[in-house]
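Peer 1: following is a predicted model, sequence given first.
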Amino acid sequence: MASLQASPLLLSSSLPSSNKINAAILVPKLPRVPFSVPNIPTRKQVEELCIKDGYLKNTVRPLEKSIPSRPIDVKSRNSTGIADAKLHAILETVGDRVEMHTNVGEQRDNWNTLFLNSVNMITLTASIMAGVAAIGGAGVPLLALKLSSGLLYSAATGMLLIMNKIQPSQLAEEQRSAARLFRQLESQIKTMLALRSPTEEDVKNVMDNILAVDKAYPLPLIGTMLEKFPATFEPAVWWPANQFRDTRKSNEGKQSYRKTEENGWSEDLDVEMRNVIEVVKSKDMEDYQRLGNLVLKINKILAISGPLLTGIAAIGSAFMGSGSWAAIVAVTAGALATTVSAFEHGGQVGMVVEMYRNNAGFFRQLEESIQGTLEEKDFEKRENGKLFEMKVALQLGRSLSQLKELARKSANSHIHGIDIDEFASKLF
């Protein structure tokens, strides 16, 4: 109940003091409204009520029947989740491979520089000592110069044998190529995870690619190091052997094209790809085979000449006397050995051999990729034709119109029996 009372208000400013005005405001009492909070029923009470009143029978079950249920493929969802987790784990491993090959490549590039500078300084110092001993007198100084010169030449011979065996510049190029391929594989995995849900088959393919790159570009120097002086020049292979041939023989016979394009493929595009691959085989691959064999032979000659010259210089130092022919041999052979070493390792001939090997491997991979795609009889299993054409054009450093022009020239060369006047690749 609330009440408000106003005390008398006295107005004495304009009225006589005897007159008084009393005012009072009375507010009536408000009735009391009872308010009570109901008790929250327990779970047991709700269950008893529902069972008693038939609530579950008449309400819940009809509601369940009104909503169609969709079966959840728990096995497929779990498989996709596991494949996704595996690919993320593989992605971390690939990133570690990139860092590892980059660091090792820098280290082996430093090896090449340090070995080259050391061998040249040792050889030049030995040559100077041999020359001084040739114009100097006899006795103890001559013996000291002879011994020092012979020891330095022997050390240079041993270091050159090691350098020519492992080819540090070629090792560095191998690691640079491996780091590039692992970065490419890392990008492919990220794209796969962003565009679609991976499968176990995707995981297997990525694993095969990683192992193939590991085999093509090994890190150890003992046991698994690539042969630096093979009998014949062979392109590098860094992809699985069955990557482009696993499902190509699924259908027998040749499937003909319809009037409309199927998955971006048409008969014209098929002919275009076959003409392009003919140019790659007859021009680019053949040219890199020729250059690779030539540089490999030059590298073999230089690798033999360097240690042979320092060895001859060491023998000449041992028989050196004042004004003798041995001094001339020692000085001349030492100078020639320095020149050969500077040309071989300063010019990084081994790196050039590896570069040609990688380029030839790139063209072989492109050839197998195109042939394997064209041999697939089911067009839906192929990569989209327009996308595939764009990838081939970019790999060769051409636009789509330039790729079509190259295919047209290849077709004309077959018709008229003349050689095409350009290479397929504009990059290298």
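Peer 2: Right, received. Where do you want to start? Numbers count the residues shown, from 1 in each chain.

Peer 1: correct me, but residue 357 touches residue 235?
Peer 2: Yes: Residue 357 is within contact range of residue 235, at 6.1 Å (criterion: C-beta atoms under 8 Å). Heads up, the C-betas are built off the backbone N, CA and C, glycines and all.

Peer 1: skip the chain neighbours and tell me the closest residue to residue 170.
Peer 2: Nearest residue to residue 170 in three dimensions, chain neighbours excluded: residue 350, at 3.3 Å (C-beta to C-beta, 6 or more residues apart in numbering).

Peer 1: sec struct for the one you found, please.
Peer 2: helix (DSSP: H, G, I helix; E, B strand; the rest coil).

Peer 1: how far away is it from residue 229?
Peer 2: Distance of residue 350 to residue 229, given as C-beta to C-beta, to the nearest Å: 10 Å.

Peer 1: over to residue 202?
Peer 2: In this view, residue 202 and residue 229 are 39 Å apart by C-beta to C-beta.

Peer 1: before we move on, back to that, now do the shared contacts for residue 350 and residue 229.
Peer 2: Here residue 350 and residue 229 share the contacting residues residue 299, scored by C-beta atoms under 8 Å, 6 or more residues apart in numbering.

Peer 1: of those two, give the one with the bigger neighbour count.
Peer 2: Between residue 350 and residue 229, counting by other C-beta atoms under 10 Å, residue 350 is the more crowded of the two (29 against 15).

Peer 1: contacting residues around that one?
Peer 2: With contacts defined as C-beta under 8 Å, 6+ apart, the neighbours of residue 350 are 167, 168, 169, 170, 171, 173, 228, 299, 344.

Peer 1: element containing residue 145, please.
Peer 2: helix 140-166 (DSSP states H and E).

Peer 1: got any ranges where the stretch 1-150 of the chain has weak pLDDT?
Peer 2: Counting by pLDDT under 70, the stretch 1-150 of the chain contains low-confidence residues at 1-79, 136-140.

Peer 1: hmm, try it at 80
Peer 2: For the stretch 1-150 of the chain, residues meeting the criterion pLDDT under 80 lie at 1-80, 134-142.

Peer 1: my read: residue 218 touches residue 226, true?
Peer 2: Yes: using C-beta under 8 Å, residue 218 is in contact with residue 226, at 6.9 Å.

Peer 1: quickly note the distance from the nearest residue to residue 309 once chain neighbours are set aside to residue 226.
Peer 2: Nearest residue to residue 309, sequence neighbours excluded (C-beta to C-beta, 6+ apart): residue 337, at 3.7 Å. According to C-beta to C-beta, residue 337 stands 26 Å off from residue 226.

Peer 1: check residue 332 too.
Peer 2: The gap separating residue 332 from residue 226 is 35 Å, by C-beta to C-beta.

Peer 1: what do you get for residue 239?
Peer 2: Taking C-beta to C-beta, one finds residue 239 at 16 Å from residue 226.

Peer 1: who has more neighbours out of the two?
Peer 2: The neighbour comparison of residue 239 against residue 226 (other C-beta under 10 Å) goes to residue 239, with 19 against 15.

Peer 1: mind listing what the more buried one touches?
Peer 2: Shown in contact with residue 239 (C-beta under 8 Å, 6+ apart): 209, 212, 365, 368.

Peer 1: please redo it, this time with the cut-off set to 10 Å
Peer 2: 181, 208, 209, 212, 213, 216, 361, 364, 365, 368, 369 (C-beta atoms under 10 Å, 6 or more residues apart in numbering).

Peer 1: dump those residues to CSV, plus secondary structure, pLDDT and distance to residue 383.
Peer 2: Shown next, in CSV, are the contacts of residue 239 (DSSP: H, G, I helix; E, B strand; the rest coil; pLDDT from 0 to 100; distance: C-beta to C-beta, whole Å):
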residue, secondary structure, pLDDT, distance to residue 383
181, helix, 96, 20
208, helix, 93, 18
209, helix, 94, 16
212, helix, 94, 20
213, helix, 95, 22
216, helix, 93, 24
361, helix, 94, 21
364, helix, 93, 19
365, helix, 93, 15
368, helix, 92, 14
369, helix, 92, 9
